[in-house]
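> Need a 3D model of the sequence below.
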Amino acid sequence: MRMDRISSQLRWMSLFIAMIVGCTTTASSQETYLLSTPDTQNIVTIKDIARRIKFNFRINVDVDSSRYYLDAGKLCGRDCKQLDSIKIQGRTMFVHKGIDMKGLEIINSKADFVFVKGTFLHADIVMSNVKNVLIRNIKSDNINLVNDSLKGLDLVNDTIGELLIMENDIKRLYMNNCKIKNLMILRTQLPDSVILHNTANHYSQENPLDLTLFENTDRKTSLLEIPFSDIPRIKFNYIDVQLALPTDELYRSLGKENFFKQNIMPFKHRMYRELLAQQQYFGFSDGYAKADKEFKAFQYATQGTTYAYLVNLVEKYWWDYGYNKGLIWRNTVYLFLMFSIINIVLYKRLILETYRIDEVVRADQRLNTERLTTFEKKVKKIVNCFLFTAFVFFSLKLDYERIKLNSFLLAGLIIFECIVGLACITNIAAFFFTK
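Numbering: from 1, shown residues only. Sure thing, here's the model as predicted:
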């Protein structure tokens, strides 16, 4: 009788110990669940499993499918608030309604598209090997996009403590109504397009949203779309970007040319003023020069006259709006050669009849007395032409008494060559005095 009682007590004690060991094992284990098809049944199954193991501190859910919609709210329910992280693998993934999660990892997924939506309070989000990411309505302490093949990143209505973009080659960056406390960009090339709407409101010129953290080793030009009022609060070098601005061609094609003149042109004028001040503040001399040249071209275009159009052409190609005065030398040589060719074509009528220069006439007369081949005569005529052009082009004044008015066009050509040459001499002199 006593032995039976001892035996019964031992059985109860063994059962109690087994229960304790089983509970401890369940509480410390980490389970991985594979979802192969995107149907509702799988979500329900995971939800039931999550309720059974709700005391686990970590649940990894691996999604291996071509397309899957993962609703974290349905996944864990109200009884699973200790959900620590979700790990996802698949081609296209949607993560929705996280419940006080501490982490979200999407790694080595080779996903074409990842959509994350919901409230991840104080969550760390880590992604790698995904091509396009949309994160919406998220509150996260840290989002890390490291060593990735990321092509498109869209952030909408997000509050992020620290956003790290590292070793990526992003083609498109879109931010709308986002608040990012600390933006860190390391070894990442400048995207082809950057769109920022209602994102720089909490920044200032002293503490700007810094886009110069992007590298631009390829020296490409990125399309930047921002409100012009945000220009002082965003740090960028205008030499690396091109602002997305409405054009008069667009409004003319829509039949709204008057609207462009009355509304868009004043807007662009103010925008260029803000841009020039911003580039000067941050010390981007090359970006300031680019903006200033665009602004001058815009001002000439707004006048809408032929005279303004011609002046703009001269300013642009003569010395690049004053930013490349070395072009004066090149253009002077080009003009001299152009007039020399014209004078060669009009050799007899221009040089021997319209404007006779004694030195050139005597040199031409010697051609008839010397024994020269036809080729040698042509070469010496060309030399005489260059000599004639030099006398006219680089002379400070013309001997108007020598100009024969047998042809007003040829006489006008001589005067025009002299005026252009005088302008070249004046600009060359100014180049040395202002250097």
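> Low-confidence ranges, the stretch 151-300 of the chain, go.
Across the stretch 151-300 of the chain, the ranges flagged by pLDDT under 70 are 246-263.
> rerun that using 50 as the cut-off
Within the stretch 151-300 of the chain, no range satisfies pLDDT under 50.
> Would you mind listing the buried residues in the helix or strand containing residue 269?
In this structure, residue 269 is located in helix 265-282 according to DSSP states H and E. The neighbour-count check on helix 265-282 (16 or more other Cβ atoms under 10 Å) flags 268, 271, 272, 275, 276, 278, 279, 282 as buried. The C-beta positions use only the backbone N, C-alpha and C, and glycine is treated the same way.
> Any chance of CSV for these, columns distance to residue 171?
CSV is the format used below for the buried residues of helix 265-282 (distance: Cβ to Cβ, whole Å):
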residue, distance to residue 171
268, 27
271, 26
272, 28
275, 25
276, 29
278, 25
279, 25
282, 26
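> how about these, which pair is most distant?
Pairwise distances across the buried residues of helix 265-282 peak at 21.1 Å for 268 and 282 (criterion: Cβ to Cβ).
> On the three-state scheme, residue 162 is what?
strand (DSSP: H, G, I helix; E, B strand; the rest coil).
> surely it meets residue 141?
Yes. Taking Cβ atoms under 8 Å as the definition, residue 162 is a contact partner of residue 141 at 7.0 Å.
> returning to that earlier point: please enumerate residues in contact with the helix holding residue 269?
Here helix 265-282 makes contact (Cβ atoms under 8 Å, 6 or more residues apart in numbering) with 205, 228-229, 231-232, 235, 237-238, 243, 245-246, 287-288, 291-292, 294-295, 298, 302.
> please redo it, this time with the cut-off set to 7 Å
205, 228, 231-232, 235, 238, 245, 287-288, 291-292, 295, 298, 302 (Cβ atoms under 7 Å, 6 or more residues apart in numbering).
> Among the residues you listed, which are located in helices?
Using DSSP state H, the subset of those located in helices is 287, 288, 291, 292, 295, 298, 302.
> Name the nearest residue to the fourth one, sequence neighbours excluded.
This points to residue 292. residue 276 (6.3 Å; Cβ to Cβ, 6 or more residues apart in numbering).
> Now the host helix or strand of residue 359: average pLDDT?
If you go by DSSP H and E, residue 359 is part of helix 358-369. Helix 358-369 shows a mean pLDDT of 80.
> Quick one: list the elements packing against the next helix or strand after it.
Following helix 358-369 in sequence order, the next helix or strand is helix 374-393 (DSSP H and E). Contacts defined by 3 or more Cβ pairs under 7 Å, 6 or more residues apart in numbering; DSSP states H and E place helix 374-393 against helix 327-345, helix 358-369, helix 408-433.
> For those helices, give me TSV that also has mean neighbour count.
Listed next are these as TSV, based on neighbours: other Cβ atoms under 10 Å:
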stretch	mean neighbour count
helix 327-345	15
helix 358-369	12
helix 408-433	15
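> How many neighbouring residues does residue 217 have?
For residue 217, the neighbour count with other Cβ atoms under 10 Å is 7.
> Surely it is in a helix?
No. Counting by three-state DSSP, residue 217 is not found in a helix; it is coil.
> And the residue lying closest to it once chain neighbours are set aside, how close does it get to residue 328?
For residue 217, ignoring the flanking residues on the chain, the nearest one in space by Cβ to Cβ, 6+ apart is residue 189 at 7.1 Å. Distance of residue 189 to residue 328, given as Cβ to Cβ, to the nearest Å: 37 Å.
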